[in-house]
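Novice: Model the structure of this input:
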Amino acid sequence: MEEGRRAFDAGDYRWAAQILHHLVLAQPDNQAARDLQADAYEQMGYQIEGPQWRGIFLTAARELREGVQPATFATASPDTILVMAIDTLFDSLPPTSSATRRPRPTCGSTSPSPAWARPGRRGSCARCSTPAAAPPPTRS
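Specialist: Below you'll find the predicted structure:
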């Protein structure tokens, strides 16, 4: 704590924040260390030119003092959804689904029926009995 206070008083806010970070992780209930680290982050936020870093430092200072606050905004209110065009609504949905993909046969069969995936012949084609290819990798 003394080294963090000394660095803060000397204007070395980055070093103070780093030293106090270790102390806050080791002693989460040490409010004096949390407040001093918040002061260091606040000073760094006031001195930085980039708005992204300013927001990061000032948010870190606030969270050290007040704790993490849940977000208070909603992105899709019922009014917003009602006035959206259908294509915009579908564009806003996530691109993945929870459906599992079945492996396709290697012979190139494009039969719309799932005959190649019958319980007795799972993983092979109903036409040529070749083993099915592995499903394509899914994006995460």
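Novice: Contact partners for E2?
Specialist: Neighbour list for E2: empty [criterion: C-beta atoms under 8 Å, 6 or more residues apart in numbering]. (Glycine included, C-beta is placed from N, CA and C.)
Novice: Do you know the pLDDT at it?
Specialist: If you check E2, the pLDDT there is 93.
Novice: Quickly note the distance from it to L36.
Specialist: Remark: distance between E2 and L36 (C-beta to C-beta, to the nearest Å) = 11 Å.
Novice: what does R5 give?
Specialist: Distance, R5 to L36, by C-beta to C-beta: 7 Å.
Novice: quick one: which of the two has more around it?
Specialist: Relative neighbour count places L36 above the other of R5 and L36, with 23 against 15, counting by other C-beta atoms under 10 Å.
Novice: Are we agreed that the more buried one is in a strand?
Specialist: No - counting by DSSP: H, G, I helix; E, B strand; the rest coil, L36 is not part of a strand but helix.
Novice: Let me see the confidence value for it.
Specialist: Here the pLDDT value assigned to L36 is 96.
Novice: so where's the protein shaky on pLDDT?
Specialist: Applying pLDDT under 70 to the chain flags residues 73-75, 96-140.
Novice: would you list every one of the helices in it?
Specialist: Remark: helices assigned in the chain by DSSP state H are 2-9, 13-26, 31-47, 51-66, 78-83, 86-92.
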